[in-house]
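*Asks:* any chance you could fold what I've pasted below:
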Amino acid sequence: MDVELATISLSESHSEVISYPSPGSGLSFLCGCVSATQYNKIITITCYEGDVIQMEPNGYTMRDDTSRNNYFECGSRNHGSCKSDFTTISYTSIHIKKRSFTYFSGRRTLYVKDRMEIYKKCTLQKSCDIMIAGVQQDQERLVNYPYYCHSANSLHDISVKVERSKKGILYFTGKKFIGQKIDCDCSVTRSTEINVEIFFIHLKPHTCSNVKIFTTKRRVLRCSRNDTILLHMEEFKSTHFKLEIRGMEPDGEDVIFLKVGGKA
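*Replies:* Numbering: from 1, shown residues only. Modelled structure (predicted):
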């Protein structure tokens, strides 16, 4: 997976914020440091034609931490050092008003609100622009945003009716259904357990009640009075999975993005 990316030019003692594509696993990083000499910079991450972006794959969470100069070891970034910044965790549901920090190896994750904006810009897109903010004098910012480019051949739009599909990654976006009322279903049943990974769900209060996600043992989706959001991978196993949409009048920001079977 190759990624074309604009870069930030920094002083010799600091690494650039650039893309470090995966050497084989598919996990990539937008990673490096920003010094006080830099202004806000827009960086574009791009997948191959037809492929789409998933932010924060496999439990890796976007991190953005600011400190005094020379606190971070940014002189020799590579794919391995970017990956080593992380400790894998699992979230269930995060609401947009929550602004608490979660720490990884002594460093902070990006604010939930800011992560949400990146998710909305990048999820299921071929490319997206990410703004890296500048910092004050005598400070530097460590940036590490993990992402993954999924092949178009692995994706199935659940609004397109098929009897059977071997494509394990399922998605729905509300943009193309503005002003319409829709119904659609997707179900998978096996004699052995299947692995289900939720990559990203964002539903408005007036649309969430029209969506149900079930497994053999539980109902997965719990709606909120505010936007209902799963920003981070939730993974579970079941012999049966069903996604049901009934009488939904989609909002342009509604997104459902998940995988049934295997690991990403």
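*Asks:* pull the longest strand along the chain out as CSV, backbone CA atoms only.
*Replies:* Among the elements of the chain assigned as strand by DSSP state E, the one spanning the most residues is strand 182-203. The C-alpha coordinates for strand 182-203 follow below in CSV (Å, rounded to 0.1, in the frame of the first residue of the first chain):
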residue,chain,number,x,y,z
ILE,A,182,-35.0,3.6,3.4
ASP,A,183,-35.1,0.0,4.7
CYS,A,184,-32.2,-2.5,4.3
ASP,A,185,-30.8,-5.5,6.1
CYS,A,186,-27.6,-7.5,6.3
SER,A,187,-27.2,-10.8,8.1
VAL,A,188,-24.6,-13.5,8.6
THR,A,189,-25.1,-16.9,10.2
ARG,A,190,-22.6,-19.7,10.6
SER,A,191,-22.3,-22.9,12.6
THR,A,192,-19.0,-21.6,14.0
GLU,A,193,-18.3,-18.2,15.6
ILE,A,194,-17.6,-15.3,13.3
ASN,A,195,-15.5,-12.3,14.3
VAL,A,196,-17.2,-8.9,14.1
GLU,A,197,-15.2,-5.6,14.2
ILE,A,198,-16.9,-2.2,14.3
PHE,A,199,-14.6,0.3,12.7
PHE,A,200,-16.8,3.4,13.0
ILE,A,201,-20.4,4.3,13.6
HIS,A,202,-21.9,7.8,13.6
LEU,A,203,-25.6,8.2,13.7
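*Asks:* where's the residue nearest the centre of the chain relative to Lys167, distance?
*Replies:* Residue closest to the mean C-alpha point of the chain, counted by C-alpha atoms, centre = their mean, is Met55 at 2.6 Å. Met55 is 20 Å from Lys167, where distance means C-beta to C-beta, to the nearest Å. C-beta: built from backbone N, CA, C; applies to glycine.
*Asks:* sorry, back to before: list the residues that contact the residue nearest to the centre of the chain.
*Replies:* Shown in contact with Met55 (C-beta atoms under 8 Å, 6 or more residues apart in numbering): Met62, Arg115, Ile118, Tyr119, Cys122, Thr123, Tyr145, Pro146, Tyr147, Phe200.
*Asks:* which two in those are spaced the farthest apart?
*Replies:* Using C-beta to C-beta, the pair of those lying farthest apart is Tyr145 and Phe200, separated by 14.4 Å.
*Asks:* which one's more surrounded, these two?
*Replies:* Tyr145 (26 against 23; other C-beta atoms under 10 Å).
*Asks:* just the strands in the stretch 151-264 of the chain please.
*Replies:* For the stretch 151-264 of the chain, the strands defined by DSSP state E, counting those that start in this stretch occupy 155-157, 169-173, 182-203, 211-215, 228-230, 234-248, 255-260.
*Asks:* relative to strand 234-248, how tilted is the third one?
*Replies:* If I follow you right, that is strand 182-203. Relative orientation of strand 182-203 versus strand 234-248 (axes from the mean of the first three to the mean of the last three C-alpha atoms, to 10 degrees): 130 degrees.
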